[in-house]
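please work out how this folds:
(one chain, ligands or ions: 1)
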Amino acid sequence: MEKEKKTETKAKTLNISDVTICDATAQMLKKAEKDGVETAFHRASNMKACPIGADSACCKHCSMGPCRLSAKDPYGKVGVCGATIDTIQARNFARMVASGAAAHTDHGMSMLDLFREVVNGNIEDYAIKDTIKLEEVAKELGIEVEGREIKDIAMDLYKELERTYIQVEGEIPFAKRVPEKTLETWRKNGVVPRGSMREIMELMHRTHIGVDQHYENITKQCNRTALADGWGGSMVATEISDILFGTPTPVKADVNMGCLKEDHVNIIIHGHEPNLFESMLDSVNDPSLIEAAKEAGAQGINLVGMCCSGAEMLSRHGIPHVGNFMSTEAVLITGAIDAMGVDVQCIKQGLAKVADCYGTKLFTTNPRCRIEGAEHIELHEHKPRECTDSIVENAIVRFKNRNMPIEIPNIKNTGIHGFSHEYINYMLGGTFRASYSPLNDNIINGRIRGVAGVVGCTNPRVKQDWVHIELVKELIRNDVLVVQTGCSQIALAKAGLYKPEAAHLAGSGLQEVCETVGMPPVLGLGSCVDNSRILIACSEMARIGGLGDSIADLPVAGAAPEWMSEKAISIGQYFVASGVFTVFGVTFPIVEETKFHKLLFQGLEEMGFGKWGFTVDPYEMARMMIEHIDKKRKALGIDKARERVLMDMADRQKLEAA
Ligand code: BF8
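The predicted structure is shown next:
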């Protein structure tokens, strides 16, 4: 009791305008206060981040500690075993890479398992939708496709891609996609991934007490493991999901909480694996379930997405998306959600309590993720509809028994989503000859200064969406074409930057290109595993020529301005290892001026990789990225101002005929 009282008096009032610029989320946070409901925003404001953990100056890898070093005097002492600050930080960082890579590769492996069972005919509720992509990927990996049955090609592709996970020696299959000079750097440094299981296992081993105690050697295995994520697990997840569910093409779609409908049964799917969502799409279109919803008094069933599987469904099917990571609790506060089905990753445990406050039914569906207080209805891929139909039935019951006021923010933002590296190829290259040449040409002639990937999470330690939006606006204003994934894509979509008309916010060169092609200045590529699409786009840019031979030569940069997950660290590390300057915001878990810090922020670049950068300020972040892009342009000899001419129809035809 005494303790409870103490917590109560300590709780601060949340200043909502300090924690989010998402109007819908802000409206719901106001309602939460009236309703006496707590969210991650409140918990973050009441719980100071542990300063020692934030600096990564603490080691808890054995029971001689935990050992606490000082960020102010990093070399003043060592751990009980003698571990230095560099060893401790490198080990902590490595475990983040291992966990993030494991999340993506395990997701990719379950997509591959599903693919195998579909090809074998053991699963009938899913099918191969994109046979063209199947053949393209197979060809790239050296699999014969001419005159062969789809099933045979698919089985060979399965066997080839399985090596991504289980291979113990050799190079992962998608190493074939890496530009030769980049691959040379990896080979020289001994970081070409063998198989992701081996790399993750070895990284966990090497970070055990008394094993790898040289920060440079630990970083080497960080690179290898992260690359096994980006060019392995994540890339397999993207490619197999495209083959099974369709490669995205541009689609007009809505985001934000205004996509909820008070007179409908509202169902949210939140998580990362598209198989749950695809099956739910079938369930909500089942005439008998629609009928049941109508009998319960609803006008119909409204299916919406959140976070990454939501971003995939937005891209592939134009399914509305109601918000990013920091809005997952807020959306429940509307009272309008009749059921939320979750699978894996970025599912806050706090959802269970908020759902309970509003009588929303929260269902876990994946054997890898259960939450105390949530009901578990497992999705079996051989009979997925049993799970998704049951969630719909439960949602209908909840709709019928709604007994509290509903408040849906009246905010909806329309935009064009569903870009893929294949579509960028086609869109910029033309109907007859899909190619990245026009993108490279526009970079060389200076209309486009460079390309930036702005990706990643939202985090209650910074104002939700603000850093993403300010950074992207600053980049496009300076003629930098922005590609996006994950929660960052949703932040910009809510800000209206996915409309082609947003091109007026871009610099004159980028604006010309956007207006000629009819595209927005910001291109959404889907979920976090779809960052692999950015890697492939970079490869293509290097392969086409004119911008150097390796990814490290390209005028490109990356950022995760509001990151929070270990997956983000793995993504950052695989971009850095691939040759990209990558800037993170919020915080960076390393003490500045240590040897490990210098290696990540400088040394890696000297070895032919990319490097890390850090700042919390979006304008400074943009400045750092643009400065890097300009440095690369200068090295390529394309830094001089070029004559800017409008690309008209005749030019496009010339390019297509070339
Ligand atoms: O993988 S961007 S908060 S939802 S970790 Fe999570 Fe971050 Fe969102 Fe998807 Ni990615």
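
need the residues of the stretch 401-550 of the chain near the ligand, please.
Listed as neighbours of the ligand in the stretch 401-550 of the chain under the rule C-beta under 6 Å from any ligand atom: Gly456, Cys457, Gly486, Cys487, Ser527, Cys528. All C-beta spots, glycine's among them, are computed from the backbone N, C-alpha and C.

reformat the residues you listed as JSON lines; add distance to Gly210.
Output for those, formatted as JSON lines (distance: C-beta to C-beta, whole Å):
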{"residue": "Gly456", "distance to Gly210": "34"}
{"residue": "Cys457", "distance to Gly210": "34"}
{"residue": "Gly486", "distance to Gly210": "37"}
{"residue": "Cys487", "distance to Gly210": "39"}
{"residue": "Ser527", "distance to Gly210": "38"}
{"residue": "Cys528", "distance to Gly210": "34"}
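
so which of those are in strands?
Judged by DSSP state E, those include no members of strands.

among these, which are in helices?
Judged by DSSP state H, those include Gly486, Cys487 as members of helices.

closest one to Asp156 out of the residues of the stretch 401-550 of the chain next to the ligand, please.
Ser527 (26.7 Å; C-beta to C-beta).

just the CA atoms of stretch 28-43, as PDB, please.
C-alpha atoms of stretch 28-43 as PDB (Å, rounded to 0.1, in the frame of the first residue of the first chain):
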ATOM      1  CA  MET A  28      -6.400   9.400 -27.600                       C
ATOM      2  CA  LEU A  29      -3.800  10.300 -25.000                       C
ATOM      3  CA  LYS A  30      -6.200  13.000 -23.800                       C
ATOM      4  CA  LYS A  31      -9.000  10.500 -23.600                       C
ATOM      5  CA  ALA A  32      -6.700   8.000 -21.800                       C
ATOM      6  CA  GLU A  33      -6.100  10.600 -19.100                       C
ATOM      7  CA  LYS A  34      -9.900  11.100 -18.700                       C
ATOM      8  CA  ASP A  35     -10.300   7.300 -18.600                       C
ATOM      9  CA  GLY A  36      -7.400   6.800 -16.200                       C
ATOM     10  CA  VAL A  37      -5.500   4.600 -18.600                       C
ATOM     11  CA  GLU A  38      -1.700   4.300 -18.800                       C
ATOM     12  CA  THR A  39       0.300   3.900 -22.000                       C
ATOM     13  CA  ALA A  40       4.000   3.600 -22.900                       C
ATOM     14  CA  PHE A  41       4.200   7.400 -23.100                       C
ATOM     15  CA  HIS A  42       3.200   7.700 -19.500                       C
ATOM     16  CA  ARG A  43       5.600   4.900 -18.400                       C
END
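
let me know the pLDDT of Asp639.
Note on Asp639: pLDDT of 89.

host element of the closest residue to Met280 other than its chain neighbours?
In space, and not counting its chain neighbours, Met280 is closest to Thr388: 4.4 Å by C-beta to C-beta, 6 or more residues apart in numbering. Take DSSP states H and E as the rule and Thr388 turns out to sit in helix 384-400.

so how far is that helix from its chain's centroid?
Relative to the chain's own centre, helix 384-400 is displaced by 29 Å; criterion: C-alpha atoms, centre = their mean, to the nearest Å.

mean confidence for that helix?
pLDDT averaged over helix 384-400 gives 98.

got the contact list for whichever helix or strand comes after it?
Moving toward the C-terminus from helix 384-400, the next helix or strand (DSSP H and E) is strand 413-417. Residues outside strand 413-417 that contact it (C-beta atoms under 8 Å, 6 or more residues apart in numbering) are 248, 250-256, 314-315, 318, 489, 493-500, 519-520, 524.

from those, which land in helices?
Using DSSP H, the contacts of strand 413-417 in helices are Leu314, Ser315, Gln489, Ala493, Lys494.

determine which two of those residues are furthest apart.
Farthest apart among the ones in helices among the contacts of strand 413-417 - using C-beta to C-beta - are Ser315 and Lys494, which lie 16.0 Å from each other.

three-state assignment of the closest residue to the ligand within the stretch 151-300 of the chain?
Going by C-beta to the nearest ligand atom, the ligand is nearest to His272 of the stretch 151-300 of the chain, at 5.9 Å. Following DSSP: H, G, I helix; E, B strand; the rest coil, His272 is assigned to coil.

now do the same for it: its pLDDT.
97.

show me the residues around it that make contact.
Here His272 is in contact with His107, Cys307, Cys308, Ser309, Asp343, Val344, Gln345, Cys346, Ser527, Cys528, Val529 (C-beta under 8 Å, 6+ apart).

I'd assumed Ser565 was in contact with the third one.
No - the pair Cys308 and Ser565 does not pass the contact test of C-beta atoms under 8 Å, sitting 10.7 Å apart.

interface residues of the protein facing the ligand?
272, 307-308, 324-325, 345-346, 456-457, 486-487, 527-528, 565, 567-568.

closest one of those to Val576?
Ala568 (12.4 Å).

so how many other residues sit close to the closest one?
24 (other C-beta atoms under 10 Å).

for Phe363, helix, strand, or coil?
Recorded secondary structure, Phe363: strand (three-state DSSP).

can you tell me how far the residue lying closest to it once chain neighbours are set aside is from Pro561?
Nearest residue to Phe363, sequence neighbours excluded (C-beta to C-beta, 6+ apart): Gly341, at 4.8 Å. Using C-beta to C-beta, to the nearest Å, we find Gly341 at a distance of 29 Å from Pro561.

name the surrounding residues that touch stretch 126-140.
Residues from elsewhere that reach stretch 126-140, judged by C-beta under 8 Å, 6+ apart: 114, 118-119, 145, 150, 153-154, 156-157, 160, 176-177, 239, 242-247, 275, 278, 381, 384, 422.
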